[in-house]
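Novice: Pasting a predicted model and its sequence here:
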Amino acid sequence: MKRINTKLRMNRIICLNDEIDIFMNSLGIDAQIQKYRIKEFWSQIVGDVISQYAIPYELKKDKLCISVQDSTWRYELSLQKEEILKSLNKLLRTNKINKYIKDIIFV
């Protein structure tokens, strides 16, 4: 667990939301919440039909890994990859999640 520097926070007004984010990040909880939120947003981005056949399962740094049922869906999603990336990042920023996805890997 990382040590949080409390001396920098003395005698100044702080934003509680920012402090909670720093604390959660130091515990490693932030990454788990981001993974959950991405899974939550996935069906909004690709739709209910595609979300039945393609499921996000891992987030490694800035790459999102998607488990796809078969090669047909993998090909279809690879054609929509850029649009999905833009939509996902826009939704993440809108919901104040500090994660930016640079690539999607369909497996």
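Specialist: Here it is on my side, so go on. Since the model is a prediction, treat every value here as computed from it, not as a measurement. Numbers count the residues shown, from 1 in each chain.

Novice: ok, which stretches of this protein are strands?
Specialist: 54-60, 63-68, 103-106 (DSSP state E).

Novice: Of these, which stretch is the most buried?
Specialist: Sort those by mean neighbour count, taking mean count of other Cβ atoms under 10 Å, and strand 63-68 sits at the top with a mean of 17. Just so you know, the C-beta spots here come from the backbone N, C-alpha and C atoms, and that holds for glycine as well.

Novice: Direction-wise, compare that one with strand 54-60 and give the angle.
Specialist: Strand 63-68 runs at 150 degrees relative to strand 54-60, counting by axes from the mean of the first three to the mean of the last three Cα atoms, to 10 degrees.

Novice: Other residues contacting strand 63-68?
Specialist: 38, 53-59, 74, 77, 88, 101-107 (Cβ atoms under 8 Å, 6 or more residues apart in numbering).

Novice: Quick check: buried residues in the lowest-mean-pLDDT helix or strand in the chain?
Specialist: Here the helix or strand of the chain ranked lowest by mean pLDDT, DSSP states H and E is helix 16-27, holding a mean of 77. Residues of helix 16-27 classed as buried: Ile22 (neighbour count, 16 or more other Cβ atoms under 10 Å).

Novice: how near is Leu16 to Ile29?
Specialist: 16 Å (Cβ to Cβ, to the nearest Å).

Novice: make that Ile84, sorry
Specialist: Taken as Cβ to Cβ, the span from Ile84 to Ile29 is 26 Å.

Novice: out of those two, which sits in the busier spot?
Specialist: Ile84 (21 against 11; other Cβ atoms under 10 Å).

Novice: so that one touches Lys90, yeah?
Specialist: No: taking Cβ atoms under 8 Å as the definition, Ile84 is not a contact partner of Lys90, at 10.8 Å.

Novice: okay, the least confident helix or strand of the chain in PDB with CA atoms only?
Specialist: This file holds the C-alpha atoms of helix 16-27, laid out as PDB (Å, rounded to 0.1, in the frame of the first residue of the first chain):
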ATOM      1  CA  LEU A  16     -13.000  15.400  -1.000                       C
ATOM      2  CA  ASN A  17     -13.700  13.700  -4.300                       C
ATOM      3  CA  ASP A  18     -10.000  14.100  -5.400                       C
ATOM      4  CA  GLU A  19      -8.800  12.800  -2.000                       C
ATOM      5  CA  ILE A  20     -11.100   9.700  -2.300                       C
ATOM      6  CA  ASP A  21      -9.800   9.000  -5.800                       C
ATOM      7  CA  ILE A  22      -6.100   9.300  -4.600                       C
ATOM      8  CA  PHE A  23      -6.900   7.000  -1.600                       C
ATOM      9  CA  MET A  24      -8.700   4.400  -3.800                       C
ATOM     10  CA  ASN A  25      -5.900   4.500  -6.300                       C
ATOM     11  CA  SER A  26      -3.300   3.900  -3.600                       C
ATOM     12  CA  LEU A  27      -5.200   0.800  -2.500                       C
END
